[in-house]
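Novice: Sequence and predicted structure below; questions after.
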Amino acid sequence: MTISELLSQYGEKYIQALLTTWQLTALSFAGALVIGIIITVMRVCPIKPLRIFGDLYVQIFRNIPGASLLIVLVYALPNLNIILSYYQCVLTATTMIPAAFCSEYLMSGIDAIGIGQIEAARSLGMTFGTMMRKVVIPQAVRFSVLPMTNLLIATMLTTSLASQVPLNPKDLTGLVSYINTRDVGGVTSFLISSIMYCGTAVIIGQIGSFIDKKVRIIR
Amino acid sequence: MNEQRTVRDALYEQPDAGTRKKITLVTVVSLFAIAVFMLYILKLFKDNGQFDEKYWSFFMRLTTWKFIGEGLLGTIEASLLAGVLALLIGFVFMVMRISFYKPLNMAGTALTEFTRGVPTLLFIYFFFLYVPKMGINLPSIWRVSLPVAISASGMVAEVLRSGVNAVPKGQREAALSIGMRETMVFTKIIFPQAIRYVIPALVSDLVIVVKDTTFSYIVNFPDLMQNAKVLISNYDALLSVYLMAAVIYVLINYFLNKVSVTLAKRGGMVPVVGR
C-alpha cells in the first residue's frame, strides 16, 4: 500500500492507536511511580519482613518477562475466580513491571547520596524526619530524573504488550499487526507506528534531559 | 569482616529501648499482615481446586521435565543467537557513531535511537508478517532471534560506547604519538579495554534478550513458553504450568543479574538497571 492509501484508510485508527499507547503509558507510569515509591519505603524501613517483601517484589517483577506475566493474568487468574478485563490485565502488567524498576532506580538514587552525608547530617543533630526531608529525598529525586525518563520510555515500550490481547481501540503495535494480517500494509505501515513510538521517546528524552540540566547536582 | 554497609542501613541510629519495642511491635504486625496475605492467596488456590493432584502430579514425571528442559534449551538457543547478533549489530552501530565521518556518525546515532525507541514486538511482527511476504523464508529461530537482536542492538551500542568513553583519552593520544593509526589504536588499545569494562552491562542486557524471546510463541518457535502451552493442552492445567514457567524465567534472569553484579565487583563498570 502507498502511504496515501494507508493514511486515508487507517489514518484515523493510527491517531487513535497513538492515543491508546499514550494513555496506557501515562496510567502505567503513574501507577508504577506510586507502587515504586511504596515498595522503596518498604525496602528502606527498619522493619525486616517489609524489607524482605519489598526486595522480593522487585526481584520477581524485574525478572519476569512481560509476556509471561500477561499470560498469567489473562489465562490463569480466571482459574482463581479473579476475572479482569483485557485492558485491566494489560494495565496491571505494564504497571507492576515498571514499578520494580522504579524502586531500583530510587534505591540507587538513595545509594548515590553516600553514607558520609547521612552521618554528617546526624552529627549535626538532625532528626530522622529532617534528615529525610532536607538531605535524602531532595537529592534522591534529583538523581532519579534521568532514570525516570528512561523508565517512562521503557514503560511506553512495555505497553506494546497490549497487542497480545484483543483490545478496542488497539495500541500502535496491535494496529500494525491488525493491518498486516488482513491487508498488505507494507513497510510503511510499520514505519508509521515506529515513527510515532520513536517520536514519543525523543520528546520524553528531551524533556527529561531539560529537567535534569535544571536540577542536576554537579559534584 | 562485616558486610558492606549500605545507605539504607546507615539511615537509622542505634535504636533506644523504646524504639526497639516499637520496631518489634511493627515487625510483628507486618509479619501478621504478610501471613494473612499469603493465607488469602492459598485459600484462593484451595477454594478453586487449584491444589488438586491433577494440576501438580505431572510435575513428578520425568517426561514433563524433559519437555520443559527442551523448551528451556530452545530459550537458551534463541537468547544466545540473539545475544551474539545484538553484539555484532550493536558493534557496527557503535563504530558508526564514534567515527569521524559525519554522515556515518549521524546514521549511527539515528539507528541507535530508532532501535531503542521501538518496541521489540513491532520488530517481531515485521519479521513475522512482512518479511515472508517479500519471499524471504527465515527458519523459525531467526524469526525471533533477529528481531530481538535488532531491538537490543541500540542498547548494546550505547553500552559499548560508554566502555570506549571510559578508556582514558591520554592512551589514544599516546598511541597516536608513537605513530599508530586510528584503526590500530581502536583495535589494539581502546576496544580490548572497553569490552572488559562493559562485560557486566552486557550480561545484564542478556536479561532483556531472554525476556524478549518469550515472544517466540508468535512465530511458533519451541521455547519454554511454547512448550508450556503444549503441556497445558496435554494436562489441562493452566495455572500451575504458567506459574512454573514464570518462576523458571525469574530464576534464570535473577541468576544472570547476580552474575552481572559479581562481574562488576571484580572490575568493570556497574551496569545500569535495564528494562
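Specialist: It's in. On a predicted model such as this, the values are computed, not experimentally measured, just so you know.
Novice: for the helix or strand where residue B:31 lies, packing partners?
Specialist: Here residue B:31 sits within helix B:17-47, counting by DSSP states H and E. Under the contact criterion of 3 or more Cβ pairs under 8 Å, 6 or more residues apart in numbering or on different chains; DSSP states H and E, helix B:17-47 touches helix A:48-63. (Each C-beta comes from the backbone N, C-alpha and C, glycine too.)
Novice: and the next element down the chain from the helix it packs on?
Specialist: Counting by DSSP H and E, the next helix or strand C-terminal to helix A:48-63 is helix A:66-71.
Novice: Let me have that following helix in CSV, keeping just the CA atoms, if that works.
Specialist: In CSV, the C-alpha atoms belonging to helix A:66-71 read as follows (Å, rounded to 0.1, in the frame of the first residue of the first chain):
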residue,chain,number,x,y,z
GLY,A,66,6.2,-9.2,30.3
ALA,A,67,4.6,-11.8,28.1
SER,A,68,4.8,-14.4,30.9
LEU,A,69,3.1,-12.0,33.4
LEU,A,70,0.4,-11.0,31.0
ILE,A,71,-0.4,-14.6,30.1
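Novice: Wondering if it reaches chain B at all.
Specialist: Yes. Helix A:66-71 lies within reach of chain B by Cβ under 8 Å from any Cβ of the partner chain, at A:66, A:67, A:68, A:69, A:71.
Novice: out of those, who has the most neighbours?
Specialist: residue A:66 (26 neighbours; other Cβ atoms under 10 Å in any protein chain shown).
Novice: wait, isn't it in contact with residue A:93?
Specialist: Yes. The pair residue A:66 / residue A:93 is scored as a contact, 6.0 Å apart, by Cβ atoms under 8 Å.
Novice: what's the overlap in contacts for those two?
Specialist: Common contacts of residue A:66 and residue A:93 (Cβ atoms under 8 Å, 6 or more residues apart in numbering or on different chains): A:158, A:161.
Novice: Next one, pLDDT for residue B:2 please.
Specialist: Predicted confidence (pLDDT) for residue B:2: 40.
Novice: Which residue lies nearest the spatial centre of the chain?
Specialist: Let's take chain A. Note on chain A: the residue nearest the mean C-alpha position is residue A:155, at 3.1 Å, using Cα atoms, centre = their mean.
Novice: Chain B is the one I meant
Specialist: Short answer for chain B (Cα atoms, centre = their mean): residue B:207, at 1.1 Å.
Novice: Sticking with residue A:12, tell me its helix or strand.
Specialist: In this structure, residue A:12 is located in helix A:3-44 according to DSSP H and E.
Novice: what is the orientation angle of that helix with helix B:17-47?
Specialist: 130 degrees (axes from the mean of the first three to the mean of the last three Cα atoms, to 10 degrees).
Novice: Next, the angle helix A:48-63 makes with helix A:3-44.
Specialist: 160 degrees.
Novice: is any part of helix A:3-44 close to chain B?
Specialist: Yes. Helix A:3-44 lies within reach of chain B by Cβ under 8 Å from any Cβ, at A:43, A:44.
Novice: now that helix, how far from the chain's geometric center?
Specialist: Put simply, helix A:3-44 sits 9 Å off its chain's centre (Cα atoms, centre = their mean, to the nearest Å).
Novice: Mind checking the pLDDT average for that helix?
Specialist: The model assigns helix A:3-44 a mean pLDDT of 91.
Novice: Packing partners of that helix?
Specialist: Against helix A:3-44 (3+ Cβ pairs under 8 Å, 6+ apart) you get helix A:48-63, helix A:86-113, helix A:145-158, helix A:172-182, helix A:186-215.
Novice: related to what we said a few turns ago, let me see the contact set for the residue nearest to the centre of chain B.
Specialist: Contacts of residue B:207 (Cβ under 8 Å, 6+ apart): A:63, B:253, B:256, B:257, B:260, B:274.
Novice: per-residue pLDDT, it?
Specialist: On the pLDDT scale, residue B:207 gets 94.
Novice: likewise the one 4 residues further on?
Specialist: Residue B:211 is assigned a pLDDT of 94 by the prediction.
Novice: Report the buried residues of the helix or strand containing it.
Specialist: In this assignment (DSSP H and E), residue B:211 forms part of helix B:191-212. Within helix B:191-212, the residues scored as buried using 16 or more other Cβ atoms under 10 Å in any protein chain shown are B:191, B:194-212.
Novice: likewise stretch B:108-124?
Specialist: Residues B:108, B:111-124 are the ones in stretch B:108-124 that count as buried (16+ other Cβ under 10 Å).
Novice: Keep only these that also lie close to chain A.
Specialist: With Cβ under 8 Å from any Cβ as the criterion, the buried residues of stretch B:108-124 include B:113, B:114, B:116, B:117, B:118, B:119, B:120, B:121, B:122 near chain A.
Novice: Just these: which are in helices?
Specialist: Secondary structure assignment by DSSP state H places B:113, B:114, B:116, B:117, B:120, B:121, B:122 of these in helices.
Novice: Out of those residues, give me the two with the largest separation.
Specialist: B:113 and B:121 (18.5 Å; Cβ to Cβ).
Novice: re earlier: which one of the ones in helices among the ones next to chain A among the buried residues of stretch B:108-124 is nearest residue A:116?
Specialist: With Cβ to Cβ as the yardstick, the closest approach to residue A:116 among those comes from residue B:116, at 35.4 Å.
Novice: Quick check: the closest residue to that closest one other than its chain neighbours vs residue B:205, distance?
Specialist: Once flanking residues are discounted, residue B:116 sits nearest to residue B:154: 3.9 Å by Cβ to Cβ, 6 or more residues apart in numbering or on different chains. Here the distance between residue B:154 and residue B:205 works out to 11 Å (Cβ to Cβ, to the nearest Å).
Novice: same check, this time on residue B:130
Specialist: 26 Å.
Novice: one step back: could you dump the residues of helix A:66-71 next to chain B into JSON lines and include pLDDT and distance to residue A:134?
Specialist: Formatted as JSON lines, the residues of helix A:66-71 next to chain B follow (pLDDT from 0 to 100; distance: Cβ to Cβ, whole Å):
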{"residue": "A:66", "pLDDT": "94", "distance to residue A:134": "39"}
{"residue": "A:67", "pLDDT": "93", "distance to residue A:134": "44"}
{"residue": "A:68", "pLDDT": "93", "distance to residue A:134": "43"}
{"residue": "A:69", "pLDDT": "95", "distance to residue A:134": "39"}
{"residue": "A:71", "pLDDT": "92", "distance to residue A:134": "46"}
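Novice: now, among those residues, which is nearest to residue B:90?
Specialist: residue A:66 (21.9 Å).
Novice: following the helix holding residue B:211, which helix or strand comes up?
Specialist: helix B:216-219.
Novice: and whichever helix or strand comes after that next one, what does it pack onto?
Specialist: Once the chain leaves helix B:216-219, the next helix or strand it forms, by DSSP H and E, is helix B:224-235. Secondary-structure packing of helix B:224-235 (3+ Cβ pairs under 8 Å, 6+ apart): helix A:66-71, helix B:62-98, helix B:216-219, helix B:238-265.
Novice: domain parsing for chain B?
Specialist: Domain assignment of chain B by automatic domain parsing yields the ranges B:7-40, B:65-265.
Novice: So which of these is nearest residue A:81?
Specialist: The minimum distance between residue A:81 and the domains of chain B falls on domain B:65-265, with 11.4 Å, by Cβ to Cβ.
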